[in-house]
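[1] sharing a model that was predicted from the sequence below.
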Amino acid sequence: MDLEFIISLIVQIVMIGVIAVALMTAFAAMVMVERKLLGRFTLRYGPNRVGKYGSLQIIADMFKLFFKEEVIPGHVERTVYLMAPGLALVPALMAFAVVPIAGAPFTLPFQIMGTPITINPWIANVNVGVLYILAIGSLGTYGVILGGWSSNNKYSLLGGLRTSAQMLSYELPMGLAMLSAILIVGSMQLTNIVEFQASYLGGFFWLILVQPVAFIVFYICALAEAGRSPFDLPETENELIAGFSTEYGGMKFGLFFAAEYVHMIVVSFIMATVFLGGWSGPFAQQAPFLGIGYLLIKVAFILFTMIWVRASIPRVRFDKLMKFCWKFLLPVSIANAAATALVLAVLFF
Amino acid sequence: MPIEIPTLNIAALTPFLAVTVTAFVVMFFELFVNDKRILGYLSLLGLAVAAISSVMLLGVSPAPAFQEMAISDGYALVLNLIFIVTAALSILISLSYLGDRALQRGEYYALLLFSTGGMMLMGAATDLIVVFMGLEIMSIALYVLAAFNRRKMGSGEAGMKYFILGAFASAFFLYGVALVYGATGSTNLSAIGNWFTSGGGDLTDPIALVGLSLLLVGFAFKIAAVPFQWWTPDVYQGAPTSVTAFMSVGAKAAGFAALVRLLMVSFGQAFTLDWQIAVAALAVVTMTGGNIAALAQKDIKRMLAFSSIAHAGYILVGVVPGTIDGVQAVLFYLMGYAFMNIGAFAVVAVLEHRVAISSAIEEYAGLAARKPLLAAAMLLFMVSLTGLPPFVGFWGKLYVFRAAVEANMSWLAVVGVINSAISAFYYLGVVVQMYMRPAAATEDGEEVVPISLSGPVTITLAVAVIITVILGIWPTPLVNLTSLAVFG
Amino acid sequence: MPFDPSQIPIVQIVFFVMTACAIGGAIGVVSSPNLFHSALYLVLSLFGVAGYYVLLSAGFLAVVQLMVYVGAIAILILFAIMFARRLMGQGENQNNQQWWLSLPIVMILFAVLVGVVNTVSWPVSGAEPTGDTVMELGHAFLGSYLIPFEVVSILLSVALIGGIFLAREKVEAEEA
């Protein structure tokens, strides 16, 4: 191991820290934005007491969560109970590792010990990126299941059961939707997927144009995977008294809460990368920082639609949810993948 | 990188494909057909196609198929015929046996065909991966078939036991595959053999031996050899009788199919002495253990289960010499065993039918007076299973033991003969019950339930009786057929 | 001796961590009295195996191991346990009366395996891992391993048909 390696390792660790902090900040901002937007959608003001236009509300909320008394109910299975919130949040953060946020590496304007520092616009550019995302996504289930089980409470258990069924089911069409996209690009590496989109039609060959069905399926599954409305059955307040998180309070609940939002943000990044051209846009190749901007605009739009959906569509019943997945989404995504393969085979062989 | 379409030689696997495709067709028609028995006849049709294609392929010189993964040599094709006979006879029993039990379902025939397909794959496989696939297809279908009678607790128990122990045995098998692969760098049977003979074996003796012994454990479970036989009596007793008939012959034959090919092709040159000792020991304890345990049985299905363990022991005697004569004797034995053993189970199935008689041996008392023909058929099967002339069982044992004697292992043949003598006690015990004991007196007002024979099972019985007798008197055709069984 | 960072054997450290996961998890599976905990240890063990795949430059296998075993099969196991057990399944004894019989057999098997594995010089392929394992795998599946690849679909169909048949709505048992 030489110096260069050590430095790149340190840079990498710093990057991971920066991204984690950025995502958590984005989570805080999202909570705020969501409350504001939901207020507007339902003809209310939303939070407007703390700070200008209620902009400091989230800080107040965070203080509340942090300084709440740590209560661990006596009947819970302690180790697993404490593990669960972390297990919910960490996979959500991990999935971000393969997302390329810009088209070219950045070179820092200074040197450390005579070595120029370049920062890759990704944390790990693995060649099975898409599979990595799906795999890490499936790990997110553990937090909810373990939380539900260890709470030793039948409502929480039901919440956990629902989650495991829901996540397992929606992973399948999600994977198949990704497959349709991969088939066109011919690579599972996210950088390749973006470059492919950037290199045709003047940088606007977004996969949503050729794979609209896959995009819609993916979008629906993303809502379900992140436990967002209308698929937020794991935590239904009215029937399961908040499901798996009933027995959690303070920052332990905060972590679950953060996990949901981080999951949603990360999945939006993935969607923007795979289907909406990622960082690509005019001059993004030449000026990498522009790429970050384009990506953020796309992500913001997707997040906005997710909140919009939450405000518009009521929660579905559990049996309908399963039926919808197995009897509609799955056949549609299989047909879409098969049709894609067939068309490609006819065109290129 | 353009995709190269590999040369497949699909023709070599026609019998397997015929059976598997028929299974899917059966599942498809299950949706529309009300009388599920039609599906049974459809399955028979598929088996007929498979049989015809097997016979036609016998005339063609064997060619490796699917990149050396499988082959349709004489050995595989003769085995195919054994599997087809087993499946066909079992389906005929099922057509009668299931009809009265509201069990007549398309899944049954489909699973039976899938299982047969798995067996064929095991016979044709020249790669350990394909052997494993065949093994699992066969086994998983059999687990479900054993538990098929969901109204009976015993059936569920049988399926569960078979499944858990079978999965355990599969794990041993896979561990063996992994070690052999680690030692030789290949899963192809002939490549493994070549590695050993080309001198690579010196370095890897111990690992290959451990791998081989783990593979032996996996196969010994499937053929129900002592000490891996514990599941057999419970599973045979609990499973529907038609399924018991099928797996007592089919699963055993398939286990032998892959085992013999592995021993002959991969380990035939380098480790002959090592595995001969192991297999001989296995044969001795299996024969003896099976026969002694069978003596104590009160239930005919359990008795036949232990007897099938003993028969596995006899067949192993034919494997020990490691000669092509021994292999052909094994195939002869298996083919004969298919007819006589399934025949015996057909009788059990008929009597169990409409709860006329349970499977307790005592209730067979006086059967000769009630149903002379059925009793005569049972007599014939029992005598043939004992190995007395002039039935096919005699020739089977003769050829197997002769192979051992010719390989200078006369002691093994002696043990076999002694065991056959022991087996006479329990086989003839059934005969004694049928012919020499009066039927238990019925209590007042209790009606004697009539024993009725319906069409399909009668065909099974007739075929089994005729073949057992004809091959007993004139075994040449079967000898000629098995002499085609050579490794390609 | 001054600290030399180039001497840190990163791969070995990762290997030992993964081994601790795999073996520790496996021991936990068989020794934990609580079925749910056993399932969690199983997850740990499977995770360790995924780590081995990464070390062997088999990224595809590692990710599939995570997705299939950790992400799906283990969750199904947890799912089944949550349905079938009392909420906090009390500890159950892992041993039956025959444990003393199996102990020597298992120990002999272990000793033999360890002895053999240590004495053998394993044939090592000198080939470098190829870059695009996904494409290599695809070609292998549709080339030399075509038949196992296709036959797996039959195996899965059999398992599906059988599973659905056995799990269908209950029929009342005729006899106990």
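    Thanks, I have it.
[2] how about the stretch 151-300 of chain A: which residue is closest to chain C?
    Of all residues in the stretch 151-300 of chain A, residue A:164 sits closest to chain C, at 4.8 Å by C-beta to the nearest C-beta. For glycine as for every other residue, the C-beta is placed from the backbone atoms N, C-alpha and C.
[3] wait, that residue sits on residue C:75?
    Yes. Proximity of residue A:164 to residue C:75 meets the contact threshold set by C-beta atoms under 8 Å, at 5.2 Å.
[4] and the strands in chain A?
    Secondary structure of chain A (DSSP state E): strands at A:106-112, A:115-119.
[5] and the longest one, what does it pack onto?
    Using 3 or more C-beta pairs under 8 Å, 6 or more residues apart in numbering or on different chains; DSSP states H and E as the contact criterion, the secondary-structure elements in contact with strand A:106-112 are strand A:115-119.
[6] list the strands paired with the strand it packs on, with their directions.
    strand A:106-112 (antiparallel) (DSSP bridges).
[7] neighbours around the closest residue to chain C within chain B, how many?
    Residue nearest to chain C within chain B: residue B:144 (3.3 Å; C-beta to the nearest C-beta). Number of residues near residue B:144 (other C-beta atoms under 10 Å in any protein chain shown) recorded here: 26.
[8] which SS class is it?
    helix (DSSP: H, G, I helix; E, B strand; the rest coil).
[9] thought it was touching residue B:159?
    Yes. With contacts counted by C-beta under 8 Å, residue B:144 reaches residue B:159, the gap being 6.7 Å.
[10] which residues do the two both contact?
    residue C:166 (C-beta atoms under 8 Å, 6 or more residues apart in numbering or on different chains).
[11] rewinding a little: would you turn the strands of chain A into TSV with mean pLDDT and mean neighbour count?
    TSV is the format used below for the strands of chain A (pLDDT from 0 to 100; neighbours: other C-beta atoms under 10 Å in any protein chain shown):
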stretch	mean pLDDT	mean neighbour count
strand A:106-112	73	11
strand A:115-119	75	14
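[12] how about the helices in chain A?
    For chain A, the helices defined by DSSP state H occupy A:3-41, A:57-67, A:78-94, A:129-139, A:141-150, A:154-185, A:190-198, A:207-210, A:212-225, A:237-240, A:250-275, A:288-312, A:318-323, A:330-348.
[13] show me the contacts for the residue of the stretch 151-300 of chain A closest to chain C.
    With C-beta under 8 Å, 6+ apart, residue A:164 has these contacts: A:141, A:144-145, C:75-76, C:78-79, C:82.
[14] switch the cut-off to 6 Å
    A:141, A:145, C:75, C:79 (C-beta atoms under 6 Å, 6 or more residues apart in numbering or on different chains).
[15] could you check how far it is from residue A:26?
    27 Å (C-beta to C-beta, to the nearest Å).
[16] low-confidence ranges in the chain?
    No chain was given, so I picked chain A. Scanning chain A for pLDDT under 70 picks out A:1-2, A:112, A:233-243, A:349.
[17] the chain in question should be chain B.
    Counting by pLDDT under 70, chain B has low-confidence residues at B:1-7, B:100-102, B:199-204, B:353-358, B:440-450.
[18] may I have stretch A:21-39 as PDB, with CA atoms only?
    Provided in PDB are the C-alpha atoms of stretch A:21-39 (Å, rounded to 0.1, in the frame of the first residue of the first chain):
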ATOM      1  CA  VAL A  21     -24.400  14.100   6.100                       C
ATOM      2  CA  ALA A  22     -25.800  15.500   2.800                       C
ATOM      3  CA  LEU A  23     -28.500  12.800   2.700                       C
ATOM      4  CA  MET A  24     -29.500  13.400   6.300                       C
ATOM      5  CA  THR A  25     -29.700  17.100   5.700                       C
ATOM      6  CA  ALA A  26     -31.800  16.400   2.600                       C
ATOM      7  CA  PHE A  27     -34.000  14.300   4.900                       C
ATOM      8  CA  ALA A  28     -34.500  17.200   7.200                       C
ATOM      9  CA  ALA A  29     -35.300  19.500   4.300                       C
ATOM     10  CA  MET A  30     -37.700  17.000   2.800                       C
ATOM     11  CA  VAL A  31     -39.700  16.700   6.000                       C
ATOM     12  CA  MET A  32     -40.100  20.500   5.900                       C
ATOM     13  CA  VAL A  33     -40.900  20.700   2.200                       C
ATOM     14  CA  GLU A  34     -43.400  17.800   2.500                       C
ATOM     15  CA  ARG A  35     -45.200  19.400   5.300                       C
ATOM     16  CA  LYS A  36     -45.400  22.700   3.500                       C
ATOM     17  CA  LEU A  37     -46.500  21.100   0.200                       C
ATOM     18  CA  LEU A  38     -49.100  18.900   1.900                       C
ATOM     19  CA  GLY A  39     -50.400  22.000   3.500                       C
END
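[19] pull out the buried residues from it.
    For stretch A:21-39, the neighbour count (16 or more other C-beta atoms under 10 Å in any protein chain shown) marks A:23-24, A:26-27, A:30-37, A:39 as buried.
[20] show me what it is in contact with.
    So stretch A:21-39 is in contact with A:45-47, A:58, A:93, A:258, A:261-262, A:265, A:307, A:311, going by C-beta under 6 Å, 6+ apart.
[21] now for those: which two are most distant?
    A:45 and A:93 (32.5 Å; C-beta to C-beta).
[22] counting neighbours, go ahead and name the busier of these two.
    In this view residue A:45 and residue A:93 are compared by other C-beta under 10 Å, and residue A:93 has more residues nearby, 20 against 11.
[23] once you drop chain neighbours, what's closest to the more buried one?
    residue A:20 (5.6 Å; C-beta to C-beta, 6 or more residues apart in numbering or on different chains).
[24] so residue B:369 sits in a helix?
    Yes. Residue B:369 forms part of a helix when assessed by three-state DSSP.
[25] count of neighbours near the nearest residue to it once chain neighbours are set aside?
    Using C-beta to C-beta, 6+ apart and skipping the chain neighbours, the partner closest in space to residue B:369 is residue B:439 (6.9 Å). When neighbours are counted by other C-beta under 10 Å, residue B:439 registers 15.
[26] near chain C, which residues of the stretch 1-150 of chain A show up?
    For the stretch 1-150 of chain A, the residues in contact with chain C (C-beta under 6 Å from any C-beta of the partner chain) are A:1, A:6, A:126, A:128, A:131-132, A:134-135, A:138-139, A:141, A:145.
[27] those, buried ones only, as a ChimeraX selection?
    Restricted to buried positions by 16+ other C-beta under 10 Å, the ChimeraX selection for the residues of the stretch 1-150 of chain A next to chain C reads:
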select /A:126,128,131,132,134,135,138,139,141,145
